[in-house]
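Enquirer: 3D model of this:
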Amino acid sequence: MTAYAFWNNKGGVGKSFLSFVAATEYARTYPDTDVYVIDLCPQANVSEMLLLNSEILINTDDQMSLFSYDVVRENFDPIHKLIGKTPRATVAGYLEARLNSPFRTIKDVSPYICRPRDFNTKLPTNLLLVCGDYLLEILSEAIRQTSQLAIPVDAWKQVLSWIKDLTAALRKRSGNRDALFILDCNPSFAIYTQLALAAADNLVIPFTPDDSSRRAVENVVALLYGYGMGDPKIETYARINFANRAKDKELDIPKLHTFVSNRITLYDNKPSRAFEAVNESIKATLDELHKKHRQIYATPKTSPSERLIEIPDYHSACVVMTVKGVPLDNLQAGPNMVHGKQVQINPDPLGKYRKALTEFVNCL
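Expert: Now for the predicted structure:
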């Protein structure tokens, strides 16, 4: 059993999209493995991609028309249906149950999982989902307060292990089948993000080649491991928070596994100079950290820059995949209709895009 958390302390870098690609492609490539997606972001973006609720179209008199929002929500929105169940068939439903009995594990977690193929027939049957839920944000303060209880003395560690308990129960559900877990995280370091990270063995960090992403990667290292990347003030504050407490309480935290430079602008099939300059800066930062703290890397003998995956920017393909719930393997070149408008996908850039994303999935 291996669990990968997808996280960066910056939004808009492609965490949910890469989670979608990783889960769908891994499930297709390894049909004898149960691939579980646990959506720990209140926005539930990866759940929307998998369940295909972003666009509901009907064919009336040979013309495609959109239903009204209310009709879609009541009759066709899978997330709305899952939230409406008792208990909620979402990650928030599971966490509500844990809040009711904070220090007792839940043996039967089947009410909280769904099979996305029941809603989106493009997906493999061995792909399963613990759906995201906006209630996660509302529950976060109750979860945080529960983790601060004086009794039992290990309350913090037990609460931070709730999602890890969920992965253990799902692994048991899979029996003799292999299981892989993809945990999509919110950019913030909220308690629900900490739950995801405490459940993961490995951390995948997507970033875009810009200075704000470089700073966000440094924040990941400071928040999770307590290393200030040369800034003593950052390191001082980082060490008195999550990183130090995790070490004191012997809470396992993930290793740095894969870095994905996402949405690189190409010119003559090469990254632009501006993108390349920032990319090199981030590589140098990661390699310097590797020299000092190899123990936080999943592959300590290999420098991070050698494992960095570069994904070219192909906005049209990304839009079609995410809006229509189309896995990478099913994506076809040519015209595609999105919200009543035609989006053209050209074969050559699609081939490069597919090759880069496949290389990324093969790292898992």
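Enquirer: Return the distance of Leu123 relative to Ile253.
Expert: According to Cβ to Cβ, to the nearest Å, Leu123 and Ile253 sit 31 Å apart. From N, CA and C alone the C-beta is placed, and that goes for glycine too.
Enquirer: Run the chain-centre distance for stretch 132-145.
Expert: Counting by Cα atoms, centre = their mean, to the nearest Å, stretch 132-145 is centred 18 Å from the centre of its parent chain.
Enquirer: Could you check that stretch and say which residues are buried?
Expert: Using 16 or more other Cβ atoms under 10 Å as the test for burial, stretch 132-145 gives Gly132, Asp133, Leu135, Leu136, Glu137, Leu139, Ser140, Ile143.
Enquirer: quick one: the last one and Phe20, what's the gap?
Expert: This points to Ile143. 26 Å.
Enquirer: now the second one
Expert: Distance from Asp133 to Phe20, counting by Cβ to Cβ: 17 Å.
Enquirer: Can you classify His257 by secondary structure?
Expert: Under DSSP: H, G, I helix; E, B strand; the rest coil, His257 falls in the strand class.
Enquirer: Which residue, other than its chain neighbours, is closest to it?
Expert: Asn202 (3.7 Å; Cβ to Cβ, 6 or more residues apart in numbering).
Enquirer: got a list of what that neighbour touches?
Expert: Asn202 makes contacts with Thr2, Ala3, Tyr4, Ala5, Pro254, Lys255, Leu256, His257, Thr258, Ala298, as judged by Cβ atoms under 8 Å, 6 or more residues apart in numbering.
Enquirer: ok, back up a step: just curious, which of the buried residues of stretch 132-145 is nearest to Asp348?
Expert: Gly132 (34.8 Å; Cβ to Cβ).
Enquirer: close enough to count as contact, that closest one and Val46?
Expert: Yes: using Cβ atoms under 8 Å, Gly132 makes contact with Val46 at a distance of 7.0 Å.
Enquirer: Overlap of the contact sets of those two?
Expert: Asp39, Asp184.
Enquirer: who's the residue nearest to His257 bridged to?
Expert: Note on Asn202: beta-bridge partners by DSSP bridges are Tyr4, Lys255.
Enquirer: Tell me the spacing between it and Ile163.
Expert: For Asn202, the distance to Ile163 equals 15 Å [Cβ to Cβ].
Enquirer: can you check Glu359 too?
Expert: Remark: distance between Glu359 and Ile163 (Cβ to Cβ) = 29 Å.
Enquirer: Compare neighbour counts for those two and give me the winner.
Expert: Between Glu359 and Ile163, counting by other Cβ atoms under 10 Å, Ile163 is the more crowded of the two (27 against 12).
Enquirer: State the distance from the residue nearest to Thr90 when sequence neighbours are not counted to Leu160.
Expert: What sits nearest to Thr90 in space, not counting adjacent residues and going by Cβ to Cβ, 6+ apart, is Asp133, at 3.8 Å. Using Cβ to Cβ, Asp133 is found at 19 Å from Leu160.
Enquirer: coming back round to it: looking at the contacts of Asn202, state which has the most neighbours.
Expert: Among these, Ala5 has more neighbours than the rest - 29 neighbours, counting by other Cβ under 10 Å.
Enquirer: quick one: contacts for that residue?
Expert: Shown in contact with Ala5 (Cβ under 8 Å, 6+ apart): Leu183, Cys185, Ala196, Leu197, Ala199, Ala200, Asn202, Leu203, Val204, Pro254.
Enquirer: Spatially, which two of these are the most separated?
Expert: Using Cβ to Cβ, the pair of these lying farthest apart is Ala199 and Val204, separated by 13.9 Å.
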